[in-house]
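Q: Need coordinates for the following:
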Amino acid sequence: MSAMDLVDCSPEVADALKSGSAVVALESTIITHGMPYPENRKTGERLEKAVRNAGATPAMIAVLEGRFKVGLNGDAMDRLARGENVSKASRRDLSFLAAMAKSGGTTVAATMAIADFVGVSVFATGGIGGVHRGAEQNFDISADLIELARTRVAVVCSGAKSILDIGKTLEFLETQGVAVCGFRCDEFPAFYTKSSGFKLDWRCDSVRDLARVVRLQRQVGPGGVLIANPVPDEAALASAEIDREIERALSEAASSGVTGKSVTPFLLRRVLELTGGRSLYANMALVEANAILAARLAVELASR
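A: Model prediction:
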């Protein structure tokens, strides 16, 4: 059995792949673990609409009852949004979910892996995982970074969440040889905010230039290209405010004994509460902007 024997592509995605037209992968943890219901379901629908409006086919990826789904129907998305026996699935979890016929919302790493199985080469997300604060003691480093180093998928994101150690995250990406560039920006964004204080070595100012980099990275490899697209101006939060609330949420997580893969959902939920919902608005705005940019990139790649 190969990985492809576990994959179910929706008819829409299968037709797009067969014809060589533009397809954009979307992760499902934004629905299962990133936002509350029903905002998560609405966001999933908005992302798919944004991708279609930009000329590409959306391919939301998840694991449902042991099957790797590439493209979801309404019922499947609703099940994920309601969190009915759905785990948070990274690359390491895929074989277990398949063997036990379980369901999972796919992280960046797992989404990249499944997208690569079927030949989808562009993926839009909100923010990547990274090196967690205190990693020098607990070695908490996201599998997303390793996946970026070995899987030839271009990932459009708004940087890394500022709950992470962004400096160490960029150092780790450099050590792993991951190509990172900013889209019309010189600093790596920090998810809710447009800048993190960490300069990037490379930037692209047009989708055509991004496509050239992605095509060449496929030849040079291994690994993909990480494209940093800052949160839109109208949704960006002030760095001082979000840093204050994140520190408070981190302290609460530590005192509550929250560890491992439970940390990020806990922090996102508390930051949402502490910002009075404005972090959710920023999250929705940035992931939609990333979906649009990814679709434009996929269209450009498919045009040659």
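Q: and Arg269, how many neighbours?
A: Using other Cβ atoms under 10 Å, Arg269 is surrounded by 16 other residues. All C-beta atoms are positioned from the backbone trio N, CA, C, and that covers glycine.
Q: what's near enough to touch it?
A: With contact taken as Cβ atoms under 8 Å, 6 or more residues apart in numbering, Arg269 is in contact with Pro36.
Q: now Ala295
A: So Ala295 contacts Ala22, Val24, Ala50, Val51, Asn53, Ala54, Gly55, Ala56, Ala124 (Cβ under 8 Å, 6+ apart).
Q: List the ones among these that fall in helices.
A: Ala50, Val51, Asn53 (DSSP state H).
Q: Who wins on neighbours among those residues?
A: Within the ones in helices among the contacts of Ala295, Val51 tops the neighbour count with 28 neighbours, counted by other Cβ under 10 Å.
Q: Trp202 versus that one, what's the distance?
A: The gap separating Val51 from Trp202 is 25 Å, by Cβ to Cβ, to the nearest Å.
Q: likewise Ile163?
A: The value you get for Ile163 to Trp202, if Cβ to Cβ is used, is 25 Å.
Q: out of the two, which sits in the busier spot?
A: Between Ile163 and Trp202, Ile163 has the larger neighbour count (other Cβ under 10 Å), namely 28 against 12.
Q: Next up, the contacts around that one.
A: His132, Arg133, Ile246, Ala249, Leu250, Val263, Thr264, Leu267, Leu268, Val271.
Q: Mind checking which of these land in helices?
A: Ile246, Ala249, Leu250, Val263, Thr264, Leu267, Leu268, Val271.
Q: Surely the last one is in contact with Glu245?
A: Yes. Shown here, Val271 and Glu245 form a contact pair, counting by Cβ atoms under 8 Å, at 5.4 Å.
Q: intersection of neighbour lists for those two?
A: With Cβ under 8 Å, 6+ apart, Val271 and Glu245 have common neighbours Ser279.
Q: pLDDT averaged over stretch 80-96 - what is it?
A: If you average the pLDDT over stretch 80-96, you get 93.
Q: What of stretch 119-128?
A: On average, stretch 119-128 scores 97.
Q: what's the closest of the contacts of Ala295 to Ala179?
A: Closest approach between the contacts of Ala295 and Ala179, by Cβ to Cβ: Ala124, at 17.2 Å.
Q: what sits against that closest one?
A: Per Cβ under 8 Å, 6+ apart, neighbours of Ala124: 24-26, 47, 51, 155-157, 287, 290-291, 293-295.
Q: about what we covered before: which residue in the ones in helices among the contacts of Ile163 has the weakest pLDDT?
A: Thr264 (76).
Q: can you tell me which residues contact that one?
A: Per Cβ under 8 Å, 6+ apart, neighbours of Thr264: His33, Gly129, Lys161, Ile163.
Q: Neighbour-wise, give me the winner out of the residues you listed.
A: Tallying neighbours with other Cβ under 10 Å puts Ile163 at the head of the contacts of Thr264, with 28 neighbours.
Q: Retrieve the pLDDT associated with that one.
A: On the pLDDT scale, Ile163 gets 81.
Q: Distance of it relative to Gly127?
A: For Ile163 relative to Gly127 (Cβ to Cβ), the value is 9 Å.
Q: For the one helix or strand in the chain whose mean pLDDT sits lowest, which outside residues touch it?
A: Counting by mean pLDDT, DSSP states H and E, the chain has its least confident helix or strand at helix 135-138, which shows a mean of 81. With Cβ under 8 Å, 6+ apart as the test, helix 135-138 has contacts from His132, Ile141, Asp165, Lys168.
Q: for the residues you listed, which one is nearest Ala3?
A: So of the contacts of helix 135-138, ranked by how close each gets to Ala3 (Cβ to Cβ), first place is Ile141, at 24.6 Å.
Q: Tell me the helices and strands packed up against the longest strand seen in the chain.
A: If you go by DSSP state E, the chain has its longest strand at strand 57-64. Packing contacts for strand 57-64, counted by 3 or more Cβ pairs under 8 Å, 6 or more residues apart in numbering; DSSP states H and E, involve helix 11-19, strand 23-26, helix 39-53, strand 67-70, helix 74-82, helix 94-99, strand 103-106, helix 108-118.
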